[in-house]
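Student: Give me coordinates for this.
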Amino acid sequence: MKLEEIYKPIQKDLEKVALNLREALGGKEEIINQLFQYVLATSGKRLRPALVLFAAKLGNGGGDGVIPLATAVELIHTAALIHDDLIDESEYRRNQKSINSRWGMEISVCLGDYLYTKGFSLLARLNATPAISLLSDVTNIMCDGEIREVVGRFRLNMDEKKYLQIIEKKTASLMSACCQVGASSGRMKEKKVNALAHYGLNLGMAFQITDDCLDLIGSEEAMGKPRGRDLIGGKVTLPLIYTCQRISKKEKEKIQSALQERTLGEEDLDWIQERMKATNGLEDALAKAKDYAQISKEGMENLPDSVTKETLFQLADFTVERSA
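Tutor: Next up is the predicted model:
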């Protein structure tokens, strides 16, 4: 199933979020407008606002405040991506030049900061104190995860536990928060809010592990960036961790040397991918992602059956089926 089909029940609300984003990013200066229009043109799956909307839909819908709420989390997410690209020295994002590649480091830092503050400004206008508190905490957690990831670069001795802690902080925590604030805006009871938080957390784990695998096996067109960019940047991801546990010391040293000297070419990427497949590193990492997707669904089993609940199950399946 395609993402567009999954989004059909909330399509009109997602269009309202897109309109809100355009209104929120209206600027008078030419360079400001140029930056904002570029951000809007290179936006991605809108997964975080979709989670807010779906979670609210399981309750009473969230009322008028749910659209600004979904807009705010998308601004926070976009800010994080801009800063990530800067830290990673990424040249491309979604088949377009990244902000830092096109406008430089200073603009990237300022734009990311602007989007963060704009997101929280929207929340403040809603008087959404619980959402502000939760998303403030989560933003700190995301920064914590980013720091841990930077420190762990080029270190092939990173283990699975540390990797999972990093992606829980960097990716899964925000998805969990999106579900929480959406469910709360829909006036759902605490037990159901917690069930949705559990869903979002495990969905985020499945999403990030799959993304890390696709960095190595996905096409440039599908991923919006050249193959192996995360690996070349020194990110130690789950398929690499599994593979390094199963190859010879000499082979591991070969990978370590190429990473540290920034000499990874297409032949090296082909060889690493071959070793990952031969050792089931990729296969086992993708299986781990599917486990998390299944756990995300199991956490919602006690919620009443509905079209929205089934749609969230489909979203969990889509998250890992991208690897096919």
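
Student: C-alpha from now on. contacts and neighbour counts both.
Tutor: OK.

Student: Ser108 - how many residues pack around it?
Tutor: 23 (other CA atoms under 10 Å).

Student: How much space separates it from Leu58?
Tutor: According to CA to CA, to the nearest Å, Ser108 and Leu58 sit 37 Å apart.

Student: ditto for Gln96
Tutor: Gln96 is 36 Å from Leu58, by CA to CA.

Student: Compare these two (neighbour count), which wins?
Tutor: Leu58 (23 against 15).

Student: any idea how far Gly234 is from that one?
Tutor: For Leu58, the distance to Gly234 (CA to CA) stands at 41 Å.

Student: cool, and Leu135?
Tutor: 29 Å.

Student: ditto for Ser98
Tutor: Ser98 is 19 Å from Gly234, where distance means CA to CA.

Student: Over to Ile209?
Tutor: Computed as CA to CA, the Ile209 to Gly234 distance reads 16 Å.

Student: Of these two, give the one with the bigger neighbour count.
Tutor: Remark: of Ile209 and Gly234, Ile209 carries more neighbours, 25 against 22, as counted by other CA under 10 Å.

Student: So the more buried one lies in a helix, does it not?
Tutor: Yes - assignment of Ile209 by DSSP: H, G, I helix; E, B strand; the rest coil places it within a helix.

Student: for the stretch 51-200 of the chain, what are the low-confidence residue spans?
Tutor: Applying pLDDT under 70 to the stretch 51-200 of the chain flags no residue at all.

Student: Please enumerate the helices of it.
Tutor: Using DSSP state H, counting those that start in this stretch, the helices of the stretch 51-200 of the chain run over residues 66-88, 99-103, 105-125, 129-151, 160-167, 173-185, 190-217.

Student: so can I have a markdown table of those showing distance to Glu283?
Tutor: Formatted as a markdown table, the helices of the stretch 51-200 of the chain follow (distance: least, CA to CA, whole Å):
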| stretch | distance to Glu283 |
| --- | --- |
| helix 66-88 | 26 |
| helix 99-103 | 33 |
| helix 105-125 | 35 |
| helix 129-151 | 23 |
| helix 160-167 | 15 |
| helix 173-185 | 25 |
| helix 190-217 | 9 |
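
Student: number of nearby residues for Glu89?
Tutor: Neighbours of Glu89 under the rule other CA under 10 Å: 15.

Student: hey, which of the helices of the stretch 51-200 of the chain is tucked in deepest?
Tutor: Among the helices of the stretch 51-200 of the chain, judged by mean count of other CA atoms under 10 Å, the one packed with the most neighbours on average is helix 173-185 (a mean of 28).

Student: what's the angle from that one to helix 190-217?
Tutor: Inter-element angle recorded for helix 173-185 and helix 190-217: 150 degrees (by axes from the mean of the first three to the mean of the last three CA atoms, to 10 degrees).

Student: and for helix 173-185, what are the contacting residues?
Tutor: Residues outside helix 173-185 that contact it (CA atoms under 8 Å, 6 or more residues apart in numbering): 48-49, 51-59, 61-63, 65-66, 69-70, 73, 131, 134-135, 138-139, 141-142, 192-194, 196-201, 203-204.

Student: repeat that with 7 Å
Tutor: Contact with helix 173-185 is made by 48, 51-53, 55-56, 59, 62, 66, 131, 134-135, 138, 193, 196-198, 200-201, 204, as judged by CA atoms under 7 Å, 6 or more residues apart in numbering.

Student: how big is the angle separating that helix from helix 129-151?
Tutor: Using the same axes, to 10 degrees: helix 173-185 against helix 129-151 is 170 degrees.

Student: Could the C-alpha coordinates of helix 173-185 be exported in PDB?
Tutor: Extracted C-alpha coordinates of helix 173-185, given in PDB (Å, rounded to 0.1, in the frame of the first residue of the first chain):
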ATOM      1  CA  SER A 173      10.900   9.900  20.900                       C
ATOM      2  CA  LEU A 174       9.400  12.600  18.700                       C
ATOM      3  CA  MET A 175       7.100  10.100  17.000                       C
ATOM      4  CA  SER A 176       5.900   8.900  20.400                       C
ATOM      5  CA  ALA A 177       5.300  12.500  21.400                       C
ATOM      6  CA  CYS A 178       3.300  13.200  18.300                       C
ATOM      7  CA  CYS A 179       1.000  10.300  19.200                       C
ATOM      8  CA  GLN A 180       0.700  11.500  22.800                       C
ATOM      9  CA  VAL A 181      -0.200  15.100  22.000                       C
ATOM     10  CA  GLY A 182      -2.600  14.100  19.300                       C
ATOM     11  CA  ALA A 183      -4.400  11.600  21.600                       C
ATOM     12  CA  SER A 184      -4.500  14.200  24.400                       C
ATOM     13  CA  SER A 185      -6.000  16.800  22.100                       C
END
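
Student: so how far is that helix from its chain's centroid?
Tutor: Offset of helix 173-185 from its chain centre (CA atoms, centre = their mean, to the nearest Å): 14 Å.

Student: tell me the contacts of Leu58?
Tutor: Contacts of Leu58 (CA under 7 Å, 6+ apart): Thr308.

Student: Repeat that for Phe313.
Tutor: So Phe313 contacts Lys297 (CA under 7 Å, 6+ apart).

Student: Quick check: mean pLDDT of the strand or helix carrying it?
Tutor: Assigned by DSSP states H and E, Phe313 belongs to helix 307-321. In this model, helix 307-321 has an average pLDDT of 96.
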